[in-house]
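Participant: okay, sequence plus prediction incoming.
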Amino acid sequence: MNYSTADSLPTVTPDDVRGAQKMLSGVARVTAMEGSRHLSQLVGAPVHLKCENLQRTGSFKLRGAYVRIAGLLPEERAAGVVAASAGNHAQGVALASALLGVRSTVFMPKGAPLPKISATREYGADVRLHGQVVDETLAAAQEYAAETGAVFIHPFDHPDIIAGQGTVGLEILEQCPDVRTIVVGTGGGGLVAGIATVVKALRPDVRVVGVQAQGAAAYPPSLAAGRPVSVESAATMADGIRVGRPGDVPFRIVRDLVDEVRTVSEDALSAAVLLCMERAKLVVEPAGASPVAALLSDPGAFEGPVVAVLSGGNVDPVLLQRILRHGMAAQGRYLAVRLRLTDRPGALATLLGVLSLVDANVLDVSHVRTDPRLGLTEAEVELHLETKGPEHCAEVGHALREAGYTVIG
């Protein structure tokens, strides 16, 4: 690594990334690059998906974790490593440690999804559940490192981590040599910093765009301030990029080399997850789908060919169900309505008949008769419907009102 005389922070060079690529040969997969006809039509130029969701452990995190741990001194390896993560970094550290014969301890929040906890344990880590949020988990991991001498493996704020993640950029240039724009989900900044380091050195004409969730966007205010700043709250379904403060090391690289950092809404994230499943047949977590969300939100802003990095696919099935339903609702393909009707035999059948005439598919029905807000002869029904788009939703609402029903929500 090299050190900047300006602020004594380590920097990452293209040679560091090339060295990481050699180190990762036979360890990390060279993940597929898949074209997307739907996104290409939307953007008006070729769009390719870099499928890091198909990487070992389900995300790019193995790359940086392996390079970092492989670079430890023998005495450091003997002391073991420790990490804190809600999922992807945990699995990357666990597998990298197992491959290198290093003992690993991983602290995870108590509310971490069970599949991620199980996977981390199966890769060989000693998993310890601590705290309700990642900040509490991180503090526990750092305390453990101080007490035991284990080496703390930061998820993004270290040059070896950034060099490992940067190998994604080398693969992109090899797989899509005519690329003009690379779009990358951004949390702490390790992945986008690594990609920008090598891409801007080899192809300075390529535009590199970071994407953050609006509810956890620490980079825009940090770039405006010229230094990493913390956001008061980080609330988003995209837990892989839910980071409250940029890392010091990646921030400098992002500031100097990344062309733009955009933000996307929760609706756009859920729509992107849904699109990846339906059109690309790929399971992608919200953080991994954030570049697709950016393309959906402003398709005319990206010069093609475009490469969108699908950074991870580790999503809890329960959360995935909620996300898909949210995405369908955002596209007008899922409608929830509450209405009141007279509580008499056959009333519900009559209501369902109205919905059948407008071709709305009923997914779920909740029937309430005992709410004190209801009259003696009234009942309240909540319906979850599968619809065909915003125009069909409006048609359903019109049909219900024309049939004399009072729609209350």
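Facilitator: Received it, and whenever you're ready, just let me know what you need. Note that the coordinates shown come from a computational prediction; the quantities given were computed from them, not determined experimentally.
Participant: for the stretch 251-400 of the chain, what spans make up the helices?
Facilitator: In the stretch 251-400 of the chain, the helices defined using DSSP state H, counting those that start in this stretch lie at 266-279, 286-297, 317-330, 347-357, 390-402.
Participant: skipping adjacent residues, who's closest to His326 in space?
Facilitator: Counting by Cβ to Cβ, 6 or more residues apart in numbering, Ser270 is the residue found nearest to His326 once chain neighbours are left out, at 4.1 Å. Every residue, glycine included, has its C-beta placed from N, CA and C.
Participant: also Pro228?
Facilitator: The shortest distance from Pro228 to any non-neighbouring residue, by Cβ to Cβ, 6+ apart, is to Pro246 (4.4 Å).
Participant: correct me, but the one you found touches Arg227?
Facilitator: No: judged on Cβ atoms under 8 Å, Pro246 makes no contact with Arg227 at a distance of 9.2 Å.
Participant: more neighbours, the two?
Facilitator: For Pro246 versus Arg227, the count of surrounding residues by other Cβ atoms under 10 Å is larger for Pro246: 30 against 13.
Participant: pop out the phi and psi values for the more buried one.
Facilitator: Here the main-chain torsion angles of Pro246 (degrees, to the nearest 10) amount to phi -60, psi 150.
Participant: any idea how far it lies from Tyr219?
Facilitator: 6 Å (Cβ to Cβ, to the nearest Å).
Participant: need the overlap of contacts for the two.
Facilitator: Common contacts of Pro246 and Tyr219, defined by Cβ atoms under 8 Å, 6 or more residues apart in numbering, comprise Gly189, Val254.
Participant: which phi and psi does Ala280 have?
Facilitator: In terms of degrees, to the nearest 10, the main-chain angles of Ala280 are phi -100, psi -10.
Participant: quick check, it in contact with Gly35.
Facilitator: No: between Ala280 and Gly35 no contact is recorded; they are 9.4 Å apart, counting by Cβ under 8 Å.
Participant: contacting residues for the closest residue in space to Pro113 that isn't next to it in sequence?
Facilitator: With Cβ to Cβ, 6+ apart as the measure, Asp316 is the residue that lies nearest to Pro113, at 3.6 Å, once sequence neighbours are left out. Asp316 makes contact with Pro113, Leu114, Pro115, Lys116, according to Cβ under 8 Å, 6+ apart.
Participant: list buried residues within those.
Facilitator: Of the members of the contacts of Asp316, the ones counted as buried by neighbours, 16 or more other Cβ atoms under 10 Å, are Pro113, Lys116.
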